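1. need a structure here:
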Amino acid sequence: MIKKFTLLFPLWAILASIFAYYESSMVVDFKSWIVPLLVLIMFCMGVTLKVEDFKRVVKKPKIIAMTVILQFLLMPLAAFVISKAFNFSTELLVGMILVGAVSGGTASNVISYLAKADVALSITMTIVSTLLSIVVTPYLTLLYVGQTVPVPALSMLLSILKIVLAPVVLGVIVNYIFHKFIDKNNDIFAVLSIVSIVFIIAIVVGLNHSRIDTIGLYLLVGIMLHNLTGLVGGFYTAKLFGYNKKECKTVAIEVGMQNSGLAVALASKYFTPLSALPGAIFSIWHNISGSLIASFWAKQEEKNQK
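-> Prediction:
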């Protein structure tokens, strides 16, 4: 039952967005909840990690390094190029850059599992990019939009320390102490994460409901192209370096799926509600595209095994 609930995440996100669009007054007052909800999501990520997960970094350093470099080079650059091509406003440009400059999202681990990719490798990549994002994300944002709008890079860095590092570390400690309980109740944390991100999406949609009619379609197309760039770029770069298909799938999913919840939190805290909209829409879309590509790859694996 819980597994079905988690797999239907895109549906819950779409339903929450529709509700928030038509009943915005019921969610806008929860704007201050965005950061605490993301802290909860990062804690849920941390609590599912074991110390052994971090040790895997030394086993496959080259592919992890390649993925992280690709993540922080390709995705913000693609966000910038797409934003300029679509002539997005400064607020939307900031939001797109934030989506491109954050780490891989925890949803990538689930999609890797469904796609029959390398889940352990996916988790390790997410951990590494998440920890690096503490420093990299603020300064990538400064690099791409610092000449257009003021970017409080140092304040953002301190915020990411509080929003990302502290709850993840706390989660790992809790897992270490209560690992027997955690192992039996892992699904609870998945549900908490999904409910939290769906609520964040609803809040952002509610805050922007009056402007979605005029920018929604163009923004959606831009986000779809951004996500596709990550998926295709990740897959074929890994293939170019001679990695097997399982590893290529893992890299593609990791690069294409971003921690858009963090992008939303940073946009809400340091910029404008409109700057948070790309992250909210990306949260919905990358789970839909991820689910579709995972289903396609899983069916391919089944055919190959027959």
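
2. Show me the residue sitting in the middle of this structure in space.
-> The residue lying closest to the centre of the chain (Cα atoms, centre = their mean) is Asn259, at 2.1 Å.

3. Show the pLDDT at Glu302.
-> Glu302 is assigned a pLDDT of 67 by the prediction.

4. circling back to that earlier point, contacting residues for the residue nearest to the centre of the chain?
-> Val102, Ser103, Gly104, Gly105, Thr106, Thr130, Ser133 (Cβ atoms under 8 Å, 6 or more residues apart in numbering). The way it works is simple: take the backbone N, C-alpha and C, and place the C-beta from them, glycine included.

5. which residues in the stretch 101-250 of the chain form helices?
-> Secondary structure of the stretch 101-250 of the chain (DSSP state H, counting those that start in this stretch): helices at 107-114, 119-145, 153-160, 166-177, 179-184, 186-207, 209-240, 245-256.

6. Helix or strand with the lowest mean pLDDT in the chain?
-> Lowest on mean pLDDT, DSSP states H and E among the helices and strands of the chain sits helix 2-7, with a mean of 65.

7. tally of neighbours for Tyr22?
-> Residues within reach of Tyr22, counting by other Cβ atoms under 10 Å, total 12.

8. returning to what we had before: could I get the contacts of Asn259 as TSV with neighbour count and distance to Lys180?
-> Shown next, in TSV, are the contacts of Asn259 (neighbours: other Cβ atoms under 10 Å; distance: Cβ to Cβ, whole Å):
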residue	neighbour count	distance to Lys180
Val102	32	33
Ser103	29	29
Gly104	28	29
Gly105	30	28
Thr106	23	23
Thr130	23	25
Ser133	24	31
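
9. Identify, from these, the entry nearest to His226.
-> Val102 (12.3 Å; Cβ to Cβ).

10. give me phi/psi at Lys116?
-> Torsion angles at Lys116 (phi, psi; degrees, to the nearest 10) stand at phi 60, psi 40.

11. Which residues lie in contact with it in this structure?
-> Lys116 touches Lys246, Lys249, Trp297, Ala298, Glu301, counting by Cβ under 8 Å, 6+ apart.

12. Can you tell me which of these are classed as buried?
-> Among the contacts of Lys116, those classed as buried by 16 or more other Cβ atoms under 10 Å are Lys249, Trp297.

13. Can you tell me which of the contacts of Lys116 comes closest to Gly46?
-> Distances from Gly46 to the contacts of Lys116, taken by Cβ to Cβ, are shortest for Lys249, at 25.2 Å.

14. which ones are touching the closest one?
-> Ser112, Ala115, Lys116, Ala117, Asp118, Phe235, Trp297.

15. In those, which residue is surrounded by the most others?
-> Ser112 (28 neighbours).

16. show me the contacts for it.
-> So Ser112 contacts Asp118, Val119, Leu121, Ser122, Lys249, Thr250, Ile253, Glu254, Ala294 (Cβ under 8 Å, 6+ apart).
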